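> Sequence below, structure please.
(one chain, ligands or ions: 2)
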Amino acid sequence: MLLMEKLYITYNQIHNTVKGLTEEIRESGFDPDLMVAIGTGGFIPARMVKTFINMPIITVGIAYYDLDDNQMDHPVITQWLDQPEKQIKGKKVLLVDEVDDTRATIGFCLDELMKHEPAEIAVLVIHNKNKAKKHEIPSYIKHYFVGKNFEDPWICYPWDAEDTEEQDRLALQS
Ligand code: G4P
Ligand code: MG
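Ligands and ions are numbered 1, 2, ... in the order given. Below you'll find the predicted structure:
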């Protein structure tokens, strides 16, 4: 069996990618009111975006396990908005996650957020994998900000590393 290629990424690389993405957002004219960060991978990227474009961050949680720990073949909400009619309705939302892999989670979140009638939703991901997706990007999405495109490696994020100096060394080699 072929081992999946591992790609190690450093915090500095993520920071620089986020910085570039925020420049793209400014140039696009899209002026978000708030971010919705998909946990947990979207948490740190969303906070990094906030350094460059200051706005509130709301977090949501999606899992593939139900409350009885049964594995599900579709996403399940584990944490959602408190008052979506106040938080989302009429607002310009930037949905943030670290990676667009199968797009199942991002697609599900978009469908759910649209129920609350935002003025606009844009998506920001640090990385996208060029592979078959489980969800199309809906036609109402005018802005899809992608930091870097890869084929299909397993991306090792710095927030999953216990030793970030070792992570930096591995990233230099990959
Ligand atoms: P997508 O909509 O963002 O494409 O997500 P998808 O449901 O396909 O991905 C399922 C889980 O696998 C997600 O984690 C996603 O972050 C994670 N994942 C996919 N590809 C990679 C990768 O190359 N590296 C790493 N480290 N993770 C990957 P999750 O269930 O949202 O959990 P969490 O890690 O965000 O807490
Ligand atoms: Mg995730």
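> Against Tyr8, how distant is the closest residue in space to Asp101 that isn't next to it in sequence?
Distance criterion CB to CB, 6 or more residues apart in numbering; nearest residue to Asp101, sequence neighbours excluded, is Lys129 at 5.5 Å. For the C-beta atoms, the positions are set from N, CA and C on the backbone; glycine is no exception. Look at Lys129 and Tyr8: by CB to CB, to the nearest Å, they are 16 Å apart.
> what does Gln173 give?
Counting by CB to CB - Gln173 and Tyr8 are separated by 8 Å.
> Then Lys148?
14 Å.
> Tell me which of these two has more neighbours.
Tyr8 (21 against 16; other CB atoms under 10 Å).
> And the more buried one, what's its pLDDT?
What the model reports for Tyr8 is a pLDDT of 98.
> give me every residue that touches it.
Cys156, Gln167, Leu170, Ala171, Gln173, Ser174 (CB atoms under 8 Å, 6 or more residues apart in numbering).
> Closest one to ligand 1 out of those residues, please.
Cys156 (6.3 Å; CB to the nearest ligand atom).
> Give me the nearest residue to that closest one, chain neighbours excluded.
Cys156's closest residue in space is Tyr8 (CB to CB, 6+ apart), at 4.7 Å.
> cool, Ile58 as well?
Here the residue nearest Ile58, using CB to CB, 6+ apart, is Val36, at 5.2 Å.
> What secondary structure category should be reported for the one you found?
strand (DSSP: H, G, I helix; E, B strand; the rest coil).
> again, but for Lys148
strand.
> Any figure for the gap between it and Glu165?
23 Å.
> and if you look at Val36?
Counting by CB to CB, the gap from Val36 to Glu165 is 33 Å.
> the more surrounded of those two?
Taking other CB under 10 Å, Val36 and Glu165 do not tie; Val36 has more neighbours (28 against 9).
> can you pull up the bridge partners for that one?
Ile58, Leu95 (DSSP bridges).
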